[in-house]
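S.K.: Let's see this in three dimensions:
(one chain, ligands or ions: 1)
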Amino acid sequence: MADSPDLGVERTLVLLKPDAVARGLAGRIITRFEDAVLKIVGVKMAQLDAEFTRKHYFDLEERLGADIYNSTAKFMQTGPVIALVLEGVDAVAKVRQIIGATYPNLAAPGTVRGDYAHQTKASSEVSGKAVMNLVHASGNSDEAKYEVGLWFGEEEQFEYETLAEKLAY
Ligand SMILES: Nc1ncnc2c1ncn2[C@@H]1O[C@@H]2COP(=O)(O)O[C@H]2[C@H]1O
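M.R.: Numbers count the residues shown, from 1 in each chain. Predicted structure coming up:
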């Protein structure tokens, strides 16, 4: 990374899930990150298969149980996703603030999920289907390191300086 670690600059993984891609929300969601001075340093589109989904959500079954793992894994393979590596100060926490709470009906207005996703906790639980919440983001710095490394090789991550960074740092 171009910046000194003591500035708190870090990288995090974001997935625009199949519902975001199918609904044509990719541009609007990415704009929110860019507006918050989160820099795109890696991007690709991918169709997940069962094996890679397991690698991505390697501890989800252990943490939340087989039902949530299975419904989430199935949903994530229903269409292509767009994967992004975002870089910025406190990027992991910042991205999670921007996307909002896991269940769209609990996500604050102004967040991506609060504004664009509609499914309620109750409907997800009753149907047994995965919560369609548009975006996945790394939960903490360790997860971010693992997920960025899983999705992007070193050669697929870029270094450059934005105008906003010139002003901020
Ligand atoms: N409490 C929960 N109930 C149902 N699904 C959940 C819950 N917590 C997390 N998930 C799902 O597990 C996924 C973990 O990573 P994501 O952010 O991709 O999206 C999450 C949801 O799809």
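S.K.: hey, let's count contacts and neighbours off CA atoms from now on
M.R.: Noted.
S.K.: Just the closest residue of the chain to the ligand, please.
M.R.: Here the residue of the chain nearest the ligand is residue 136; by Cα to the nearest ligand atom that distance is 3.9 Å.
S.K.: Hmm, residue 15 and that residue touching each other?
M.R.: Yes - the pair residue 136 / residue 15 is scored as a contact, 4.9 Å apart, by Cα atoms under 8 Å.
S.K.: Which of those two has more residues huddled nearby?
M.R.: residue 15 (21 against 16; other Cα atoms under 10 Å).
S.K.: Give me the average confidence score over stretch 134-153.
M.R.: Here stretch 134-153 scores 98 as its mean pLDDT.
S.K.: just use 14 as the starting number from now, easier for me
M.R.: Understood, numbering begins at 14; the last thing we discussed is stretch 147-166.
S.K.: Regarding it, how distant is the last residue from the first?
M.R.: With Cα to Cα, to the nearest Å as the measure, the first residue of stretch 147-166 is 24 Å from its last.
S.K.: Check stretch 29-44 too.
M.R.: 13 Å.
S.K.: buried stuff in it?
M.R.: Within stretch 29-44, the residues scored as buried using 16 or more other Cα atoms under 10 Å are 29-34, 39, 42-43.
S.K.: would you turn the residues you listed into TSV with distance to residue 107 and pLDDT?
M.R.: Formatted as TSV, the entries for the buried residues of stretch 29-44 read as follows, by distance: Cα to Cα, whole Å; pLDDT from 0 to 100:
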residue	distance to residue 107	pLDDT
29	16	98
30	19	98
31	22	98
32	22	97
33	20	98
34	22	98
39	18	98
42	14	98
43	14	98
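S.K.: can you list the residues of this protein near the ligand?
M.R.: 81, 85, 143-144, 149-150 (Cα under 6 Å from any ligand atom).
S.K.: taking the residues you listed one by one, which sit in helices?
M.R.: With DSSP state H as the criterion, helices contain 81, 85 from among the residues of the chain next to the ligand.
S.K.: Tell me who's in contact with the residue of the chain closest to the ligand.
M.R.: Applying Cα atoms under 8 Å, 6 or more residues apart in numbering to residue 149 gives the contacts 27-30.
S.K.: if I look at the nearest residue to residue 112 once chain neighbours are set aside, how far off is residue 117?
M.R.: Distance criterion Cα to Cα, 6 or more residues apart in numbering; nearest residue to residue 112, sequence neighbours excluded, is residue 125 at 4.6 Å. Distance, residue 125 to residue 117, by Cα to Cα: 9 Å.
S.K.: next one: residue 52
M.R.: Taken as Cα to Cα, the spacing of residue 52 relative to residue 117 amounts to 25 Å.
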